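Engineer: Got a predicted structure plus its sequence, pasted below:
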Amino acid sequence: MKKTVISLCIAAVLFISLAVTTTAADLTCEPLCQARSKNQIGAANSLEDKGDASIVMSIEQLVRQNTNFRIALWTGDLLQLTAMSIPAGSEIGMEQHKDEDQFIYVIEGHGTYYSGPKKDKMTYEQAIEPGSGVFVPKGKWHNITNDGSGPLKLFSVYAPPHHKHGTIHKTEADDVE
C-alpha cells in the first residue's frame, strides 16, 4: 500500500510539473477534443473541488485566478491538490503533517521555505520562486513566507489528502482544521 501511495505521488508530481511547464503552443487537439462543449471546459477550470472525478484541468490557470488563502481543487482517496494565495508579508504558518507527504510548486511570487525537526528548530532555509518544487516529508516542521510585494501563488499535493473535500479558507484565519 505504501509503495502504491509513493508511486501515485511521484506520478502526480511529474504530471503536474509537466502540465505547468507546457504551453498552449506545445499542444495539438484531436477532433474529439475540439468537439467538447465550453461548459465542460469551464467546469474543469472552475475553482471548486472536483472530488474523485477523472478530469484534466489547467492547474496554472486555476492557481493564478485563486484569491483564497487555500482551496481544495481535487480530493481523492490517496491524493489531494490544493491552490494557495499567500498575501505579501504573510506566511503559511508553521505546521507539521504527521501522516502526509507534501509537494509544493510555486507559480508566482517569491518567498522562503523553512523546515526542521522541531517547531523551534528550523535547520533548512531556501529561497523559492516560480518553478521551485518543494518536497516535504511527513513529520517535518515547515513554513513558507511570502517575501515579495504581491501574492505568492502555489499549489500543493498531499498524499494522502490532508484537508476535507471542498475545503475553502478565504484567509489564513479560516484555517482552523
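Structural biologist: Now that the structure is in, tell me what you want to look at.

Engineer: Quick check: Lys153 vs Thr123, distance?
Structural biologist: From Lys153 across to Thr123, the span is 27 Å (CB to CB, to the nearest Å). Just so you know, the C-beta spots here come from the backbone N, C-alpha and C atoms, and that holds for glycine as well.

Engineer: quick one, which of those two is more surrounded?
Structural biologist: For Lys153 and Thr123, the more surrounded residue by other CB atoms under 10 Å is Lys153, and the numbers stand at 22 against 11.

Engineer: Low-confidence bits of this structure, can you list those?
Structural biologist: Filtered on pLDDT under 70, the chain yields the residue ranges 1-44, 166, 175-177.

Engineer: can you pull out the helices in it?
Structural biologist: For the chain, the helices defined by DSSP state H cover 2-21, 31-34, 38-44, 59-65.

Engineer: Ala88 touches Thr145, doesn't it?
Structural biologist: No. Taking contacts as CB atoms under 8 Å, Ala88 lies outside contact range of Thr145: 10.3 Å.

Engineer: Comparing these two, which residue is more hemmed in?
Structural biologist: The neighbour count for Ala88 versus Thr145, taken as other CB under 10 Å, is higher for Thr145 (18 against 14).

Engineer: and the more buried one, what does it touch?
Structural biologist: The contact partners of Thr145, by CB atoms under 8 Å, 6 or more residues apart in numbering, come to Ser90, Glu91, Ile92, Gly111, Thr112, Tyr114.

Engineer: Buried only: go through those residues for me.
Structural biologist: Listed as buried from those are Ser90, Glu91, Ile92, Gly111, Tyr114; burial here means 16 or more other CB atoms under 10 Å.

Engineer: now Phe155: how far from Ile107?
Structural biologist: Distance of Phe155 to Ile107, given as CB to CB: 7 Å.

Engineer: burial measure for Leu73, as a count.
Structural biologist: By other CB under 10 Å, 23 other residues sit near Leu73.

Engineer: Also Glu100?
Structural biologist: Residues lying near Glu100 (other CB under 10 Å) number 20.

Engineer: separation between it and Asn146?
Structural biologist: For Glu100 relative to Asn146 (CB to CB), the value is 23 Å.

Engineer: Next, count neighbours for Ala127.
Structural biologist: Per other CB under 10 Å, the neighbour tally for Ala127 reads 10.

Engineer: Sweet, I'm off.
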